[in-house]
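please work out how this folds:
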Amino acid sequence: MLAALANVLRIPELRQKVVFTLAMFIVFRIGIHIPAPGVNAAVIEQMFNTGNLLGLLDLFSGGALSKFSIFAMSITPYINASIIMQLLTVVVPQFEQWSKEGEEGRKKISQITRYGTVLLGFIQALGMAFGLKHAIINPGIGPILLIALTLTAGTVFLMWIGEQITEKGIGNGISLIIFAGIVSRLPDGLFVIFEYLKAGTISIFNVILFVVIAVAMIVFVIAISQGHRKVPVQYAKRLVGRKMYGGHSTHIPLRVNQAGVIPIIFASSVLMFPVTIGQFVDVAWVKTVTGWFEWGSPFQTLLYAVMIVFFTYFYTAITMNIPDMAENMKKYGGFIPGLRPGKPTADYLDRIVTRITLAGSLFLAMIAILPNFVAVVTKIEGVYFGGTALLIVVGVALDTMKQIESLILMRHYQGFMK
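As a prediction, this is how the structure comes out:
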């Protein structure tokens, strides 16, 4: 590993990319400590000491939400806008056409995504400002609008940083910003565990058990994230002009976790809605219903798992166009051995995707609800480990490593993986 890192620093181009990415991380971390104007930070921090859900949201912002800094919304509006655009690409013919036009089409979609980020960001910022009026020093229309504009500008600036990292640094900039925010909370978690040990609340056995579970979860997530089903494809020989094409074998890699972390985001967003409404409506029956959806309650946990399974199938179905895949194979002379091209091939691929998606959806549901059980088993509360955060960290780390590996191998150096 040390030799591989030395290879990274030996390549001037790669060294510049690493330095630029780290510089952008420093800018991101500095911005987290710049407070939004006119907010009582002490009231905000008191709120975050009483709710697991708020603590989870704070984790993805790298601590910016509990400080209510200019980056309090993190890059969440951009992620929401990107997901909405991805769904609209399947529904709106114009967007679908742009997605097939290569680089020019992607630029148009990216531009609309940016506009959507500003709109969604401003709406979310207004909702946050109104919802936290008791924490605003002078809760008038002017200060609320100023806070909303500040938070929106912070999100747009983070979006720009992410695009700069993608263009001039290493990896996907937006993903790396979320990665940096999650990883930055690791020292706080270690400090909480140390305080528990010092107070005698937990024993060293609890800490060892927590570490063993954490390592096992990381290994399991890596195995499933990298897992895929290889479907063999044979291409027949065909004569085009004076050249012979085809006649080779390949495979279609169908990933077990095709939907990634999106189903967890969908499910958590839906389940957050009743809790959010309950915070602003002071009616008895509404409070009772809201209690059922309290984060970590049995009903909420079961519903959370079921919704993750549903959204995994839903998102996989709209992002994987199996009939088009089978038609493209037929067009270029490809076929799966033992199957006729066209509908039989599409039906076969659909059966495979349905089965491996079941495994992927159950995996996502287990990873999402596991932190609740880890806290009960290890008796270590207040340290969030698992779920969306673990999937994001592992996924971004693997993708970034692959990009570094390809850049190293392009320069004829020995890479990370032998």
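
tell me the domain boundaries of this protein?
The record's domain split for the chain, according to automatic domain parsing, is 1-185, 203-379.

want to try JSON lines for the ones you listed, with mean pLDDT as columns?
Output for the domains of the chain, formatted as JSON lines (pLDDT from 0 to 100):
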{"stretch": "domain 1-185", "mean pLDDT": "80"}
{"stretch": "domain 203-379", "mean pLDDT": "80"}
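
out of those, flag the one nearest residue 396.
domain 1-185 (4.2 Å; CB to CB). All C-beta atoms are positioned from the backbone trio N, CA, C, and that covers glycine.

how far off centre is that closest one?
Relative to its parent chain, domain 1-185 has a centroid offset of 12 Å by CA atoms, centre = their mean, to the nearest Å.

did I read that right, residue 231 in a helix?
No. Using DSSP: H, G, I helix; E, B strand; the rest coil, the secondary structure at residue 231 is strand, not a helix.

so residue 233 sits against residue 249, correct?
Yes. Using CB atoms under 8 Å, residue 233 is in contact with residue 249, at 7.1 Å.

more neighbours: the two, which one.
residue 233 (17 against 10; other CB atoms under 10 Å).

next up, the contacts around the more buried one.
Residue 233 is in contact with 249-252, 329, 334-336, counting by CB atoms under 8 Å, 6 or more residues apart in numbering.

can you give me the strands for the stretch 151-300 of the chain?
228-235, 238-240, 243-245, 249-255 (DSSP state E, counting those that start in this stretch).

so which of those strands comes closest to residue 159?
Short answer: strand 249-255, nearest of the strands of the stretch 151-300 of the chain by CB to CB, at 27.2 Å.

for that closest one, which strands pair with it and how are they oriented?
Strand pairing for strand 249-255, using DSSP bridges, gives strand 228-235 (antiparallel).

got the buried residues for the partner strand?
Residues 231, 233-235 are the ones in strand 228-235 that count as buried (16 or more other CB atoms under 10 Å).

re earlier: from the contacts of residue 233, pick the one nearest residue 182.
Of the contacts of residue 233, the one sitting nearest to residue 182 (CB to CB) turns out to be residue 252, at 32.4 Å.

that closest one: what's it in contact with?
Contacts of residue 252 by CB under 8 Å, 6+ apart are 230-231, 233, 325, 349.

who's it bridged to?
Under DSSP bridges, the beta-bridge partners of residue 252 are residue 231.

one step back: any idea which of the domains of the chain gets closest to residue 391?
Proximity to residue 391 (CB to CB) singles out domain 203-379 among the domains of the chain, at 4.6 Å.

would you mind giving the domains of the chain as TSV with distance to residue 192 added?
Shown next, in TSV, are those (distance: least, CB to CB, whole Å):
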stretch	distance to residue 192
domain 1-185	10
domain 203-379	11
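
wait, residue 249 sits on residue 231?
No. Between residue 249 and residue 231 there is no contact under CB under 8 Å: 11.6 Å.
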